[in-house]
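K.L.:
Give me a model of this one.
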Amino acid sequence: MIDKKIKNFIRKESIKNNPNECCGFIVEDINNNFICIPCENIAKNKEEYFEIKSIDYLNVKNKYKKIHYIYHSHTNDNFDFSEQDKKCAENLNVSILLYILKNNEAKIYEIPKMSQDYTGRFYEHGRYDCFKLIEEFYKKEKSIEFIYNQEFYKKSFKEMDIKSEVIKFYRDNNFITINKDEELKIHDILLIDAFQENNPKHFALYLGNEKILHQPMFGFSKIENYCNFYKRYTDCIFRLKT
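P.N.:
Numbers count the residues shown, from 1 in each chain. Predicted coordinates:
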């Protein structure tokens with residue numbers, strides 16, 4: 001899809017905006033053509049970063065069949081994606097293309113692929129919460145349905161010895177508990193003491209490449225870095241038996 005025409009368009013945009021970074025989207029229109037939609041870079045430091053207006057993103061998303069990539073350029077001596085580049089891709093759930101002007105190279109940072117979008121859902125207990133998100137993922141992506149007594153989910157976390165009940169739940173569903181020192185594998189389930197209460201009750205799904213999918217309470221479900229905070233407060237790791 002990143003053909004010569006697309007690459008040349010971004011190259012011209014990079015030269016025109018040099019030394020600032022250019023940015024925009026690679027989209028698919030109703031006729032299945034792939035085209036570039038340039039956007040204004042509104043970052044404060046345009047030579048080192050890019051930022052796209054939210055309204056520009058929404059307008060492009062609503063107008064075109066699909067956004068396949070966010071593109072941007074590096075015009076300095078930075079020949080790889082920054083952490084901010086990756087975070088932008090993950091927050092929008094759109095892969096990102098980097099064009100490096102100095103060596104005329106295009107690189108792509110792919111976000112984890114799933115059959116449907118599990119991000120951008122606002123928290124709703126019993127429907128869009130961290131436990132239900134993982135349950136839905138395993139059902140739709142791996143054809144595994146969790147089996148449990150409905151009373152388990154009706155209990156208040158304040159009434160439960162959460163850790164012991166969760167361990168029993170996952171063991172009953174063919175998962176094993178993994179030592180926290182072991183290397184994580186894709187689709188391991190993490191039980192995290194996110195509120196630092198010695199009472200872990202937040203679930204996240206490991207996606208590989210130091211990324212997790214989770215549903216924060218009173219926020220939007222998202223993919224983000226498995227950062228030192230989450231690592232420090234990860235209490236249990238569950239892995240499906242093979």
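K.L.:
Quick check: phi and psi at E105.
P.N.:
Here is the backbone geometry of E105 (degrees, to the nearest 10): phi -120, psi 140.
K.L.:
if I pick it, what's in contact with it?
P.N.:
F79, Y99 (C-beta atoms under 8 Å, 6 or more residues apart in numbering). In short, each C-beta sits where N, CA and C put it, glycine included.
K.L.:
try 10 Å this time
P.N.:
If a contact means C-beta atoms under 10 Å, 6 or more residues apart in numbering, then E105 has K7, H74, F79, L98, Y99 as its contacts.
K.L.:
right, and the helix or strand after the worst-scoring helix or strand of the chain on mean pLDDT?
P.N.:
Across the helices and strands of the chain, mean pLDDT, DSSP states H and E gives its lowest value to helix 150-154, namely a mean of 61. Moving toward the C-terminus from helix 150-154, the next helix or strand (DSSP states H and E) is helix 162-172.
K.L.:
Identify each buried residue in that following helix, please.
P.N.:
Neighbour-count burial for helix 162-172, with 16 or more other C-beta atoms under 10 Å as criterion, is recorded at I162, K163, V166, I167, F169, Y170.
K.L.:
Can you dump the C-alpha atoms of the following helix or strand past that helix in CSV for me?
P.N.:
Where DSSP H and E defines the elements, the next helix or strand beyond helix 162-172 is strand 175-178. In CSV, the C-alpha atoms belonging to strand 175-178 read as follows (Å, rounded to 0.1, in the frame of the first residue of the first chain):
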residue,chain,number,x,y,z
PHE,A,175,-5.3,-20.9,33.3
ILE,A,176,-2.1,-21.3,35.4
THR,A,177,-0.5,-18.7,37.6
ILE,A,178,2.9,-17.5,36.4
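K.L.:
picking that back up, just the ones of the contacts of E105 in strands?
P.N.:
H74, L98, Y99 (DSSP state E).
K.L.:
how about stretch 126-140: buried residues?
P.N.:
So, applying 16+ other C-beta under 10 Å, buried residues of stretch 126-140: Y128, D129, C130, F131, K132, L133, I134, E135, E136, F137, Y138.
K.L.:
Also stretch 97-111?
P.N.:
Buried-residue list, stretch 97-111, by 16+ other C-beta under 10 Å: L97, L98, Y99, I100, L101, Y109, I111.
K.L.:
what do you get for stretch 14-23?
P.N.:
In stretch 14-23, counting by 16+ other C-beta under 10 Å, buried: S14, N17, N20, E21, C22, C23.
K.L.:
The fifth one is in contact with E47, isn't it?
P.N.:
No: C22 is not in contact with E47 according to C-beta atoms under 10 Å; the separation is 11.5 Å.
K.L.:
Can you pull the residues that touch both of the two?
P.N.:
Common neighbours of C22 and E47 (C-beta under 10 Å, 6+ apart) are N41, T75.
K.L.:
Show me what the host helix or strand of K87 is packed up against.
P.N.:
Assigning secondary structure by DSSP H and E places K87 in helix 83-92. For helix 83-92, the packing partners by 3 or more C-beta pairs under 10 Å, 6 or more residues apart in numbering; DSSP states H and E come out as strand 66-74, strand 95-100, strand 105-109, strand 211-214, strand 222-225.
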